[in-house]
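Chemist: build me a model from this:
(one chain, ligands or ions: 1)
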Amino acid sequence: MHPLSQSKVPVIDLPNLEDLTPVSSEEGLFSLERAHKRYLQQSLTYTDDGRLLDEQGKAVMMEWEKPIMQQQARTVASTRGDILNVGFGMGYIDTFIHNKHAPRTHWIIECHPDVQRKMIQDGWLKLPHVRCIFAKWQDVIDYLPQFDGIYFDTWEESIFPFMEKLPNILRKDGVFSFFNNPTIEDLKNNQFIPTSYLEVLNKIGMEAFVESYDISQLVPDRESQGRVYWDPSHTNYYNPICKFK
Ligand SMILES: C[S@@+](CC[C@H](N)C(=O)[O-])C[C@H]1O[C@@H](n2cnc3c(N)ncnc32)[C@H](O)[C@@H]1O
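Modeler: Residues are numbered from 1 along each chain as shown. Below is the predicted model of the structure:
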């Protein structure tokens, strides 16, 4: 896949943040917290057809995203510096970071016991420059050093509290990226990253760029996803590249 375009996401004309309803109300965060707790209590299954499923058959991660992870690994790890990935899942992005970009240090935070078991089985703990942290990022973020590249892709929780911590853990010239899944409405309005994400990025002094990729050959059907997390009519992926202004 080749980048079709690299364009600056418009972040300038945002309304005054003080005037906005908070993007995550306490109620919203509370129900997400419950969903995350339930997620952690479930057994996960790695299937032979390339999916990581929860007990309800919802896909937490799927193989079709592998080429996307390849691009996202390039975005956050091409400096070959100190790289952090939050959420191991099927290990696609970590494998690309490790195999293609040889970072100085490569940190992985993962909280689900079944995923942690898979990481142990696959030998991630034995790699000398890899530091696996088996915890929720919420419990360790205040103890982390600074990184040159950070990728975030977790499950059943809000990204915003993580973003708020970025000024503490991302170097001034570092790059941040995340799994980007704008709604059809966002895309209709030429918002390639959800507005609520841009608001938080703007608040912490970051600007966002996107690279667009044609993924029409990759998108999964609704059934294989268990619960639709990727609208099959989205045939472009907008890879976010976020930097401090
Ligand atoms: C969608 S998968 C990540 C897929 C990954 N990008 C890949 O390339 O395979 C999400 C992962 O985040 C983990 N996760 C969810 N919440 C987390 C948290 N609060 N802290 C650390 N890991 C978390 C899940 O257990 C799961 O392994």
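Chemist: near the ligand, which residues of the protein show up?
Modeler: The chain comes close to the ligand at residues 60-61, 69, 86-93, 109-112, 115, 136-138, 153-155, 157, as judged by CB under 6 Å from any ligand atom. Glycine gets a C-beta too; all of them are placed from N, C-alpha and C.
Chemist: residues in contact with the most centrally placed residue in the chain?
Modeler: With distances taken as CA atoms, centre = their mean, the chain has Asp153 as the residue nearest its mean C-alpha position (2.4 Å). Applying CB atoms under 8 Å, 6 or more residues apart in numbering to Asp153 gives the contacts 85-87, 89, 93, 178-179.
Chemist: could you rerun that using 6 Å?
Modeler: 87, 179 (CB atoms under 6 Å, 6 or more residues apart in numbering).
Chemist: ok, the one 4 residues further on next?
Modeler: Contacts of Glu157 were listed using CB under 6 Å, 6+ apart, and they are 32, 36.
Chemist: in three-state terms, label it for me.
Modeler: On the three-state scheme (DSSP: H, G, I helix; E, B strand; the rest coil), Glu157 is labelled coil.
Chemist: what about the strands in this structure?
Modeler: Counting by DSSP state E, one finds strands in the chain at the ranges 5-8, 45-46, 51-53, 59-62, 82-86, 105-110, 130-134, 147-152, 170-178, 206-214, 236-244.
Chemist: follow-up on the earlier one: what's the PyMOL line that selects buried ones from the residues of the chain next to the ligand?
Modeler: Of the residues of the chain next to the ligand, the buried ones can be selected in PyMOL as follows, counting by 16 or more other CB atoms under 10 Å:
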select buried, resi 60+61+69+86+87+88+89+90+91+92+93+109+110+111+112+115+136+137+153+154+155+157
